[in-house]
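Student: Below: sequence and its predicted model.
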Amino acid sequence: MTDDRVLYSVDDDHRIATITLNDPAKRNSYDATMRDQLARYLDQVAEDDDITVVLLRGNGGVFSTGADMNNAYGWYGPGERKAGSRPSQRRRLTVDRKSFGFYHNLMGFPKVTVGEISGYALGGGFEMALMADISVIARDTRIGMPATRFLGPALGSLHMFFHRLGPVLARRLLLTGDVVEAGAVEHLGVFTETCAPEAVTARARYWAAKAAKMPADGVVIAKEAFRLVEQSQAYQGEEVASYLFHAYGTNLQFAPGEFNFVKTRAEHGAKEAFRLRDEHFHVDEPR
């Protein structure tokens, strides 16, 4: 059964597949079902000899705001917990190991991945934008890992953050939960191309078309070679570290005065919880 919140199409003439996140009302945030559909389409691309490039994008002018935090504990399965309890550590490790398998597969994907990034790329959406081989991003796109503010800074693919962002920017975003505009880090070369919002779609398709002209066997061999180099230089231990620290980090104990998103959401609803989160973490700039 397919999920129409993820769309799939193939341009046979140009050897390009397009996967589109299609839930703009929720800024293309995703739950486990939606992510699993995305993974199935990626498997389909990987196994199709006639496809060289996959273009990842989002409808509604937004790439993705990551995992759907309206369903924070829902990732661990309905009915798995007694009312009012929290998922066990063993349950967290089991689910997070599977969840991060998706990101590991994307990072080592055998075809060229091109990201068309606009609007927001937050949380898991930010990770996907960074994992793409070629990412075209609008200057006004909001990027970052805001969930670190209520799940802790050991969140996501840490090796990839430090390798792609550099240690200074990675620490800044993870230790503060700051969300910044892509244009503010354009000089760092984090993304392949940073451009005006109205140019993102055309520029992403331009890069996809260029990559699709490469010899398909050569691309697959190169992607495996790239993966070997990154694994030996930057990602040793990443597979275990990512889900291990995420599983531990989501089991935080909050001290008085610290912001507990899950508790606040249960008391006030998701919309108000996000407002209170932003209010709690706001610090005025010095004059």
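Tutor: Cool, got the structure. Numbering: from 1, shown residues only.
Student: So which other helices or strands are in contact with the helix or strand of the chain with the lowest mean pLDDT?
Tutor: Sorting the helices and strands of the chain by mean pLDDT, DSSP states H and E puts helix 238-249 at the bottom, at a mean of 75. Packing partners of helix 238-249 (3 or more CB pairs under 8 Å, 6 or more residues apart in numbering; DSSP states H and E): helix 89-107, helix 158-165. Any C-beta I mention is one placed from the backbone N, CA and C, and that applies to glycine too.
Student: Could you pull out the helices in the chain for me?
Tutor: If DSSP state H is used as the criterion, the helices of the chain fall at 32-47, 89-107, 124-131, 148-151, 158-165, 167-176, 200-212, 216-233, 238-249, 261-268, 270-281.
Student: roughly how far out does the fifth one sit from the chain middle?
Tutor: Read that as helix 158-165. Distance of helix 158-165 from its chain centroid, counting by CA atoms, centre = their mean, to the nearest Å, is 13 Å.
Student: can you give me the angle it makes with helix 167-176?
Tutor: If you take axes from the mean of the first three to the mean of the last three CA atoms, to 10 degrees, helix 158-165 sits at 130 degrees to helix 167-176.
Student: who's in contact with helix 158-165?
Tutor: 107, 127, 130-131, 170, 173-174, 188, 190, 230, 234-238, 241-242, 245 (CB atoms under 8 Å, 6 or more residues apart in numbering).
Student: Filter the residues you listed down to the buried ones and hand me the ChimeraX line.
Tutor: Buried subset of the contacts of helix 158-165, written as a ChimeraX selection, criterion 16 or more other CB atoms under 10 Å:
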select :107,127,130,131,170,173,174,190,230,235,238,241,242,245
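Student: just to revisit the earlier point, now tabulate the helices of the chain in CSV and tack on distance to residue 62.
Tutor: Formatted as CSV, the helices of the chain follow (distance: least, CB to CB, whole Å):
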stretch, distance to residue 62
helix 32-47, 14
helix 89-107, 19
helix 124-131, 9
helix 148-151, 21
helix 158-165, 21
helix 167-176, 19
helix 200-212, 11
helix 216-233, 28
helix 238-249, 24
helix 261-268, 21
helix 270-281, 16
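Student: Need the winner for burial among the helices and strands packed on helix 238-249.
Tutor: For the helices and strands packed on helix 238-249, ranked by mean neighbour count under the definition mean count of other CB atoms under 10 Å, the leader is helix 158-165 at a mean of 20.
Student: That one to helix 238-249, inter-axis angle?
Tutor: 110 degrees.
Student: Okay, now the unreliable bits of the protein?
Tutor: 1-2, 71-75, 77-85 (pLDDT under 70).
Student: For the residue nearest in space to the middle of it, which residues are in contact?
Tutor: Compute the mean C-alpha point of the chain, and by CA atoms, centre = their mean the closest residue is residue 124, 2.4 Å away. With contact taken as CB under 8 Å, 6+ apart, residue 124 is in contact with 30, 35, 64, 66-67, 103, 156.
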